[in-house]
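Participant: what follows is a predicted protein model with its sequence.
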There are 2 protein chains.
Amino acid sequence: MPPILELEAIRKNQIIEAAIMAMAEFGSANVTMADICRAAGLSKGGLAHYYKSKRELFKAVFEEFFKRIFVRCRDKMAEFDDPLEKLLSLELLYDADDQDAVIGYPILFDFMSIAVHDAEYRQIFRNWINNWIELLSQALIKGQEQGFFGKFDPDPVARSISAIYQGIATRWYLSPELHSTEWALDTLRRGVKGFLASYDNKR
Amino acid sequence: MPPILELEAIRKNQIIEAAIMAMAEFGSANVTMADICRAAGLSKGGLAHYYKSKRELFKAVFEEFFKRIFVRCRDKMAEFDDPLEKLLSLELLYDADDQDAVIGYPILFDFMSIAVHDAEYRQIFRNWINNWIELLSQALIKGQEQGFFGKFDPDPVARSISAIYQGIATRWYLSPELHSTEWALDTLRRGVKGFLASYDNKR
DNA sequence: ATATATCGACCATTCGGTCGGATTATAATT
DNA sequence: AATTATAATCCGACCGAATGGTCGATATAT
């Protein structure tokens, strides 16, 4: 009988948490199960009781982590009312003091490099992106209704803005000496505003 | 005595070529030396004669491949005279029929995920980016001299444009069903033009 | 004869996963 | 209450497979 009713949920959480840290530290390609066991304070067999294979664990880690980042960003965006401010509100993605950001990029890079060769991972990536797109689209539609933005199909525009976010992040994270947070934020503002302005009715 | 004087160069080239293909196919984390040997038509010992370790070979592969892509893009950009056209000329980066592009992204993703945990790789990344920045900066400066662009420091602006290129590429490559080449090219044009327009003297 | 080039068997190590057994806490039984 | 039964949780030694690198032997061209 289970000693505590929610033990499974507790253990799984503890394992995922440890795996996130270990994967971020060593890289998904280099972490061993032993690393993760150590970080989780469990033995090999103990961990195996909850996650039957490395692949299954990795999938759970990636999905959990993406969800976490997304929820944080959604909440942050909800703090703003102005549509443009919403679109520019995800500055936490370029915050070197933010643990989720600092840990998140190693995980994201690893994830993408695996996804290249793994259709199941690509599906996870697509779903994740689609969440972002929906979020950004809502702000875009609101901006159109209020007459701030021009006329366009919100979906591809949301994808463009999302891509700009990611491009900036890549540079900001991998080469911070030459891509400061100020540069990232300035690029974001000019990029997004400029992109939207391209739909304004002037020509 | 070497049977042919340039044998070493020939063999190294042959090995790098094989490694590029194998790494792109299986992913850097999964390729084995045996894979690369097979692709190169050499034995383990034969390959070891030219590259003493896997790490050394990988470094050579990444550097060679980055150089190749860069040279192609530089030449392409040189075909155009108009500064804005130069900045938008790298459409080959979103060409699904271009072998270098199709093979290049798996390699780039792998490289970045390794670079996260490897200072030497980050240095290679920085150097590579700096090449792009110089290239883009030249076009920007030319555009400023000709009065097409506003007044700004070309270096950070070049970094922004370069980041936009990369952000689009990430989505285009990993989720082509939802990010068509047309979307990529449209995003590029609007993104770059809009970004530059943000420096025009209106306010 | 000599230096280079190539081969492939071999070695040491690492790692993911398994499995029998120990442990623990509840449930059932006496 | 004490004892036994049961089912879950957890341990860590062990195994087999894979892999990077080595090395002595062989071949080739000067």
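Facilitator: All right, it came through fine.

Participant: from here on, just use CA atoms for contacts and neighbour counts.
Facilitator: Will do.

Participant: quickly note the distance from residue A:68 to residue B:78.
Facilitator: Here the criterion is Cα to Cα, to the nearest Å. By it, residue A:68 lies 45 Å from residue B:78.

Participant: likewise for residue A:164?
Facilitator: 26 Å.

Participant: quick check: residue A:155 touching residue A:137?
Facilitator: Yes. Using Cα atoms under 8 Å, residue A:155 is in contact with residue A:137, at 6.1 Å.

Participant: does the residue lying closest to residue A:74 once chain neighbours are set aside count as helix, strand or coil?
Facilitator: The shortest distance from residue A:74 to any non-neighbouring residue, by Cα to Cα, 6 or more residues apart in numbering or on different chains, is to residue A:135 (7.2 Å). Following DSSP: H, G, I helix; E, B strand; the rest coil, residue A:135 is assigned to helix.

Participant: I'd like to know how many residues surround residue A:135.
Facilitator: For residue A:135, the tally of surrounding residues (other Cα atoms under 10 Å in any protein chain shown) stands at 19.

Participant: from the contact counts, what lies against the host helix or strand of residue A:123?
Facilitator: Here residue A:123, judged by DSSP states H and E, is contained in helix A:119-145. When contacts are defined as 3 or more Cα pairs under 8 Å, 6 or more residues apart in numbering or on different chains; DSSP states H and E, helix A:119-145 sits against helix A:54-78, helix A:83-87, helix A:99-115, helix A:154-174.

Participant: please parse chain A into its domains.
Facilitator: With domains defined by automatic domain parsing, chain A comprises A:1-52, A:55-197.

Participant: for DNA strand C, find the nearest of the ones you listed.
Facilitator: domain A:1-52 (3.5 Å; Cα to the nearest atom of the strand).

Participant: chain neighbours aside, what residue packs nearest to residue A:14?
Facilitator: In space, residue A:14 is closest to residue A:40, 6.3 Å off (Cα to Cα, 6+ apart).

Participant: so residue A:134 versus residue A:90, what's the distance?
Facilitator: Distance, residue A:134 to residue A:90, using Cα to Cα: 15 Å.

Participant: just give me the neighbour total for the residue found closest to residue A:179 once you drop the neighbours it is linked to in the chain.
Facilitator: Leaving aside its sequence neighbours, residue A:179 sits nearest to residue A:172 (Cα to Cα, 6+ apart; 5.0 Å). Per other Cα under 10 Å, the neighbour tally for residue A:172 reads 23.

Participant: what's near enough to touch residue A:172?
Facilitator: A:94, A:178-181, A:184 (Cα atoms under 8 Å, 6 or more residues apart in numbering or on different chains).

Participant: would you mind finding the most buried of the helices and strands packed on helix A:119-145?
Facilitator: Counting by mean count of other Cα atoms under 10 Å in any protein chain shown, helix A:154-174 has the highest mean neighbour count of the helices and strands packed on helix A:119-145, with a mean of 23.

Participant: rounded mean pLDDT for that helix, please.
Facilitator: The average pLDDT for helix A:154-174 rounds to 98.

Participant: need the next SSE after it, C-terminal direction.
Facilitator: Next helix or strand after helix A:154-174 toward the C-terminus (DSSP H and E): helix A:181-197.

Participant: and that following helix, what does it pack against?
Facilitator: Using 3+ Cα pairs under 8 Å, 6+ apart: helix A:181-197 touches helix A:154-174, helix B:181-197.

Participant: those helices: which one's closest to residue A:13?
Facilitator: Of all the helices and strands packed on helix A:181-197, helix A:154-174 sits nearest to residue A:13, with 27.1 Å by Cα to Cα.

Participant: run the chain-centre distance for the closest one.
Facilitator: Averaging C-alpha positions (Cα atoms, centre = their mean, to the nearest Å) puts helix A:154-174 11 Å from its chain's average.

Participant: return the residues in contact with residue A:33.
Facilitator: Residue A:33 sits next to A:44, A:54 when contact means Cα under 8 Å, 6+ apart.

Participant: and the gap between it and residue A:42?
Facilitator: In this view, residue A:33 and residue A:42 are 11 Å apart by Cα to Cα.

Participant: same thing with residue A:167?
Facilitator: Counting by Cα to Cα - residue A:167 and residue A:42 are separated by 38 Å.

Participant: in the helix holding residue A:123, what's buried?
Facilitator: A:121-122, A:124-126, A:129-130, A:132-133, A:135-144 (16 or more other Cα atoms under 10 Å in any protein chain shown).

Participant: measure how it sits relative to helix B:154-174, angle-wise.
Facilitator: Interaxial angle, helix A:119-145 versus helix B:154-174 (axes from the mean of the first three to the mean of the last three Cα atoms, to 10 degrees): 120 degrees.

Participant: residue A:31 and residue A:20 touch, don't they?
Facilitator: No. Residue A:31 is beyond contact range of residue A:20, at 10.4 Å (criterion: Cα under 8 Å).

Participant: more neighbours: which of these two?
Facilitator: residue A:20 (23 against 15).

Participant: name the element the more buried one belongs to?
Facilitator: helix A:7-26.

Participant: please see if that helix touches DNA strand D.
Facilitator: Yes. Residues of helix A:7-26 contacting DNA strand D under Cα under 7 Å from any atom of the strand: A:7-8, A:11.

Participant: got a winner among the residues you listed for most neighbours?
Facilitator: residue A:11 (16 neighbours).

Participant: so which helix or strand takes in the nearest residue to that residue once chain neighbours are set aside?
Facilitator: Spatially, and ignoring its direct neighbours in sequence, residue A:11 is nearest to residue A:50 (7.8 Å; Cα to Cα, 6+ apart). Per DSSP H and E: residue A:50 is located in neither a helix nor a strand.
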